[in-house]
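S.K.: could you look at this predicted model? Sequence included:
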Amino acid sequence: MVWLRAALNDPEARGLAADLLAGGSADVVVLGYGNPPGLDPPDPRAQLAWQAIRIRHSDWKSLRDALSFAGTRTAAEVWPELQLANGDRFYVRGTRVCRPAEQVDDAGMVMVSLCSGTFTMGTAENDPGAELAWSAERPAHSVTLSDFHIGKYEVTHEQYWAFEPDHESSWSQRLGRESSAELPVTDVDWSQAMAFCESRGYRLPTEAEWEYAARAGTRDPWSFPVPEKDLRLYAESAKSNRFSARIPIGAEAMKSQFDRFAWHSGNASEAQPVGTRDANPWGLHDMHGSVWEWVNDWHGSYLPGLQVDPVGPATGDYRALRGGSFFLRARGPALRGPGRGGGGPVNRGRFVGFRCARGPAPPP
């Protein structure tokens, strides 16, 4: 529920109310100065069964413009003067009516269509836990992407066997084919991953597409919500011990969220079936942890300034890898949305897999 403290005849406030409802940012909007049901008297400290926002704003048109984006952002990013009636962090869905949608192809692969948009790629100096970031994540820069599709899940052994029946991974050799069918396929090099995607009419996602999908409209290091208190503990811990990847004492909610959304060294000792952790806000699974994922780009330095549908350097020695793996600690740099890795394009490993994408074709 959103309460807009504005005059009933204010056209911009009424327009904002309509935008919030149409965009799915609110299920109920109350307009006016009176107290809505359940907030009588309004008490920001009240323990409500639902989450509500009280909004006072002198320029409703500016706020409507600020909310005209696809995806989700923290409310504080949209308007700093926000007052929360319940909860210490609140995410808002933009009023641009373009939402991720699933499509299943003829072979049963589930793809999620993502809307075009602009986001900040990389790590800025003031991001939570920026002290843990690798230098390759800087400079943070704006990226605009066209619409594209990306796999809801990492490609599984079973899907890959339909393309290459004789492929054996570390996991299929150890666990047998039946037990490894739904595990993310591993022990494939970059060319094999690209060849599989192309055989289905897809390609590997660009590095920018991958990060956009992993962040799912958020600016935190992970796409799942973490309370402000835990983020502060995380940032303070990172400052005092840059090389520690342990979740700080007192950040119980952060640990719980990692366990819900990611396979990492604290809850897995081997590869796990795809889609068995919760999805991010855009419906994508295993974007944090599970196995590293090959992407289209050569690994290289970021360039400053706005970029449109970037595809990385023209050449290089290593292909970019994203997402980290279950072999790594949850709090380390690799499992963060902006975390970057790289590997020789002919390398194969039991911690490396991939997912496919489709969109404007990157140049060769």
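M.R.: That came through fine. Residues are numbered from 1 along each chain as shown.

S.K.: gap between residue 358 and residue 328?
M.R.: To residue 328, residue 358 is 29 Å away according to Cβ to Cβ, to the nearest Å. The way it works is simple: take the backbone N, C-alpha and C, and place the C-beta from them, glycine included.

S.K.: give me the more crowded residue out of the two.
M.R.: Comparing residue 358 with residue 328 by other Cβ atoms under 10 Å, the one with more neighbours is residue 328, at 23 against 20.

S.K.: got a list of what the more buried one touches?
M.R.: Contact partners of residue 328, counting by Cβ atoms under 8 Å, 6 or more residues apart in numbering, are 245, 264, 265, 289, 334, 335.

S.K.: again with residue 307
M.R.: For residue 307, counting by Cβ under 8 Å, 6+ apart, the contacting residues are 141, 142, 143, 144, 208.

S.K.: give me the buried subset of those residues.
M.R.: 141, 143, 208 (16 or more other Cβ atoms under 10 Å).

S.K.: can you pull the buried residues of stretch 166-186?
M.R.: Buried-residue list, stretch 166-186, by 16+ other Cβ under 10 Å: 167, 169-172, 175, 180-186.

S.K.: out of those residues, who's nearest residue 273?
M.R.: Among those, residue 182 lies closest to residue 273 (Cβ to Cβ), at 4.1 Å.

S.K.: which parts of the stretch 1-150 of the chain are helices?
M.R.: 11-23, 60-66, 75-78 (DSSP state H, counting those that start in this stretch).

S.K.: restricted to strands, list the contacts of residue 307.
M.R.: Those of the contacts of residue 307 mapping onto strands are 141, 142, 143, 144, per DSSP state E.

S.K.: nearest to residue 132, out of the residues you listed: which one, please.
M.R.: residue 141 (19.4 Å).

S.K.: that older thread, mind putting the buried ones among the contacts of residue 307 into TSV with pLDDT and distance to residue 26?
M.R.: TSV is the format used below for those (pLDDT from 0 to 100; distance: Cβ to Cβ, whole Å):
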residue	pLDDT	distance to residue 26
141	95	32
143	95	29
208	97	30
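
S.K.: let me have those in JSON lines, adding distance to residue 158 as columns.
M.R.: Formatted as JSON lines, the buried ones among the contacts of residue 307 follow (distance: Cβ to Cβ, whole Å):
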{"residue": "141", "distance to residue 158": "38"}
{"residue": "143", "distance to residue 158": "34"}
{"residue": "208", "distance to residue 158": "29"}
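
S.K.: number of residues surrounding the residue nearest to residue 281 when sequence neighbours are not counted?
M.R.: Counting by Cβ to Cβ, 6 or more residues apart in numbering, residue 216 is the residue found nearest to residue 281 once chain neighbours are left out, at 4.3 Å. Residues lying near residue 216 (other Cβ under 10 Å) number 23.

S.K.: do the same with residue 135
M.R.: Neighbours of residue 135 (other Cβ under 10 Å): 8.

S.K.: tell me, what's the model's pLDDT at it?
M.R.: Residue 135 carries a pLDDT score of 93 in this model.
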